[in-house]
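Trainee: pasting the sequence and the predicted coordinates here, then a few questions.
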Amino acid sequence: MSAKPEHYDVIRKPVVTEKATMASENGAVVFEVAIGSNKPQIKEAVEALFGVKVKAVNTTITKGKAKRFRGRLGVRKDVKKAYVTLEEGNTIDVTTGL
């Protein structure tokens, strides 16, 4: 399976937070993904880009917060995150680039 250009559109970037680090200890990796992507697309993209076997994909959509920018009210974008659980023996090192 080769990496198609649209795989890079599905997966935006890895999420490196305290919660994501705790998830990685249980064989899961967290990615920020395109808001319109679905679980089969995410699974296919991760398997193609990183050469690993995916066991499960869980997604969550975080609604954008209302924030003030230079005194004006603005809204941050909604963000979709994918918690990708890998099969035993597969790992992804998100500290290195693609």
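Mentor: Looks like it arrived, so ask away.

Trainee: just checking, V15 touches F31?
Mentor: Yes. Taking contacts as Cβ atoms under 8 Å, V15 lies within contact range of F31: 6.5 Å. Where C-beta positions appear, they are placed from N, C-alpha and C, glycine not excepted.

Trainee: so for these two, which residues contact both of them?
Mentor: K81 (Cβ atoms under 8 Å, 6 or more residues apart in numbering).

Trainee: so for these two, which sits in the more crowded spot?
Mentor: For the pair V15 and F31, the greater number of neighbours falls to F31 (24 against 19), based on other Cβ atoms under 10 Å.

Trainee: CA-only coordinates of the host helix or strand of the more buried one in CSV, if you can.
Mentor: Per DSSP states H and E, F31 falls inside strand 28-33. Only the C-alpha atoms of strand 28-33 are listed here, as CSV (Å, rounded to 0.1, in the frame of the first residue of the first chain):
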residue,chain,number,x,y,z
ALA,A,28,-2.4,4.2,21.0
VAL,A,29,-1.4,7.3,19.0
VAL,A,30,-3.3,10.5,18.8
PHE,A,31,-3.6,12.5,15.5
GLU,A,32,-5.4,15.7,14.5
VAL,A,33,-7.4,14.7,11.5
